[in-house]
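J.: Would you be able to build a 3D model of this:
(2 chains)
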Amino acid sequence: MSWPKALSLGALALVFATGASAYDFGRPATQAEIKLWDIDVSPDGTGLPEGRGDVARGRDVYNDNCAACHGDKGQGGFADRLQGGQGSLASDHPVKTVGSFWPYATTLFDYVRRAMPYPEPQSLSDDDTYAVVAYILNMNGIIPANATIDRSTLPSVKMPNRDGFVPDEEFRVIHNSRQK
Amino acid sequence: MSLEAETGGEPAMTHVLSRRNILSAAMGVAGAAVVERASADSLADVPERGPGNPLTATSERSEFVHIARLPESTPGIRHVDPSRAINSKAPLDKLVGTITPADLHYERSHAGVPEIDPAKHRLLVHGMVQKNLVLTMDDILAMPSISRIAFLECTGNGWENWKSAPSDVTVQNTHGLISTNEWTGVPLSFLVDLVGVDPASTWMLAEGGDGSAVARSIPLTDEILSEGILAHGQNGEPLRPAHGFPLRLFLPGFEGNLNIKWLRRLKFGTRPFMTRWETARYTQLQADGSARQFQLHQDVNSVITSPSGMMEIRLGYTRITGLAWSGHGRIVRVEISTDGAKTWRDAVISAPALPKAQTRFQADWVWDGAPTKIVSRSTDEKGNVQPDRASFIAARNTNALFHKKKIDAAGKVRNVLA
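T.: Numbering: from 1, shown residues only, chains lettered A, B, ... in the order given. Okay, the predicted model is just below:
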């Protein structure tokens, strides 16, 4: 993990071998511009912004920005169904939705912020993103109608299918020859 | 379809031939790229030579060649307005050799195809690195590059055959989400060394510049570190927009979705980031309701491209040909059966059979006119053998990638499940 170790491990040896060093190509990225692009949110909440949103506000955000494609209450639109299907995964007609299939609530925040609303991604404020995420979780019966979510509460929302995924053996623990 | 009933059970060659033209005219399908059969019976009938068309800046296909991709939606939804399409399939039945022309390379996009000005494109590399870097395309084009011929395949390739086998589809419908190109770009290992990735980093997030900012976690295995490419070229030219212009990730042998197009961010960390595309999508639901995750290698597979669905063959000599591939390495053997998987014989593999590239195979066959099923089975250098449908479903549940063709007595070829 420490830098001296990194330096001793051949990473730089190759750079020297090609005669190139980092700033022969490109320029340093500033923290401010990294923040602008660093939009991913991990299951432990890393990457979640400040702000908060509640279910009631989320209903308005949803009706204004999402319902046209995803239908009223997340069903019946032309785009993906966002609600229901819990208990169906082992049946002949599995219905995979945020409520029945998605393992992490943080992934919902990440995806809505990066990709939705489809015609204008990244146009919602962080507060409205929290709110619409709260509404989608509520329409799936995952959080109560009076709930407010923020960066500290969202990671602890337990999704119904949280333990439903089995990673391939090969990629459970990653080894490579750059490691010691 | 009434024609099919009419010709059924009549093996005589004359019948087959006499129905050919009616059938292709009525159904608008034909097996080969060159649609019209030569009609000149005497050399005297061949058109005179003369001055041709002016030379041009780019060359078009012959007006006699009809070859195109096929935009489609989700499985079973085949005839869609291109604005509703989510993928566009390569015409495997009309391609020869192993390289897919760039404009016919299959496409799968999640929010359309962005038109990106390379002068304004940037790649941000950050996270567990010694130097957070912003790179321009000029920077990237100035770096050392390598080229590699390899296939790219959508995780969902074969989905038309997952649950059932529609009989009215072509191999383009069933298997068109795979292509092979020569990819050119900067070795991932060069960039990893350049920014000084912390050796403790085991996962890298790659993110695209498309409307849905598709993002995937890439495990930093030796295979990926040594074979990954930041590709800016395909088949000798800059990437086409549909394939990620000006920059994409290319990971030979790994599922299509990992090969992030319009690449604009790489972030190094120690755990998968659990994006929508590695949780809600690109995971495989099992019969017990659990889902397999990070099933990232594309397994050994093959498909007969001729004769294939909606083609017609004649009594007597037929050349069987097709494509085999494996995300684990080189194809070393392809067997074919012309009696519905009862007996098998080796097909000839055409050189070069490159690792993680589509490989052409061929076999002679004399069709005796009896209805039958033909099928291929491939093996890669690691000893992986393409499973039959029953064992595939036993192992993986809903999927079925084993592809067989039924040939009726009139020589009409139809897609069926093995």
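
J.: is stretch B:292-307 anywhere near chain A?
T.: Yes - shown here: stretch B:292-307 in contact with chain A (CB under 8 Å from any CB of the partner chain) through B:292, B:293, B:294, B:295, B:296, B:297. No exception for glycine: its C-beta is placed from N, CA and C like everyone else's.

J.: Of those, which is the most crowded?
T.: Within those, neighbour counts (other CB atoms under 10 Å in any protein chain shown) peak at residue B:296, which reaches 23 neighbours.

J.: show me the contacts for it.
T.: A:168, A:170, A:171, B:219, B:254, B:255, B:258 (CB atoms under 8 Å, 6 or more residues apart in numbering or on different chains).

J.: Among those residues, which one lies nearest to residue B:354?
T.: residue B:254 (16.1 Å; CB to CB).

J.: Could you double-check that the closest one sits in contact with residue B:221?
T.: No - in this structure residue B:254 lies outside contact range of residue B:221 using CB atoms under 8 Å: 10.1 Å.

J.: neighbour-wise, which of these two wins?
T.: Counting neighbours by other CB under 10 Å for residue B:254 and for residue B:221 shows that residue B:254 has the greater number, 26 against 18.

J.: joint contacts of residue B:254 and residue B:221?
T.: Joint contacts of residue B:254 and residue B:221 (CB under 8 Å, 6+ apart) do not exist.

J.: Quick check: chain neighbours aside, which residue is closest to the most centrally placed residue in chain B?
T.: With distances taken as CA atoms, centre = their mean, residue B:178 lies nearest the centre of chain B, 0.8 Å away. Once flanking residues are discounted, residue B:178 sits nearest to residue B:153: 4.1 Å by CB to CB, 6 or more residues apart in numbering or on different chains.

J.: cool, residue B:232 as well?
T.: That would be residue B:185: by CB to CB, 6+ apart, it lies 5.0 Å from residue B:232.

J.: Spit out the contact partners of residue B:183.
T.: By CB under 8 Å, 6+ apart, the contact list for residue B:183 reads B:147, B:148, B:149, B:150, B:229, B:231, B:233, B:234, B:250.

J.: So residue B:180 is in contact with residue B:150, correct?
T.: Yes - here residue B:180 reaches residue B:150: they are 6.8 Å apart, a contact under CB under 8 Å.

J.: quick one, which of the two is more surrounded?
T.: A direct count of neighbours by other CB under 10 Å for residue B:180 and residue B:150 places residue B:180 higher, at 25 against 22.

J.: Surely that one is within a strand?
T.: Yes - the assignment for residue B:180 is a strand, going by DSSP: H, G, I helix; E, B strand; the rest coil.

J.: pLDDT at the residue of chain A at minimum distance from chain B, what is it?
T.: With CB to the nearest CB, the shortest gap between chain A and chain B falls at residue A:90, namely 3.3 Å. Looking at residue A:90, its pLDDT is 95.

J.: List the residues that contact it.
T.: B:287, B:288, B:289.

J.: ditto for residue B:355
T.: Per CB under 8 Å, 6+ apart, neighbours of residue B:355: B:150, B:252, B:329, B:330, B:381.

J.: Tell me if I am right that the first one is in a helix.
T.: In this case it means residue B:150. No - using three-state DSSP, the assignment for residue B:150 is strand, not a helix.
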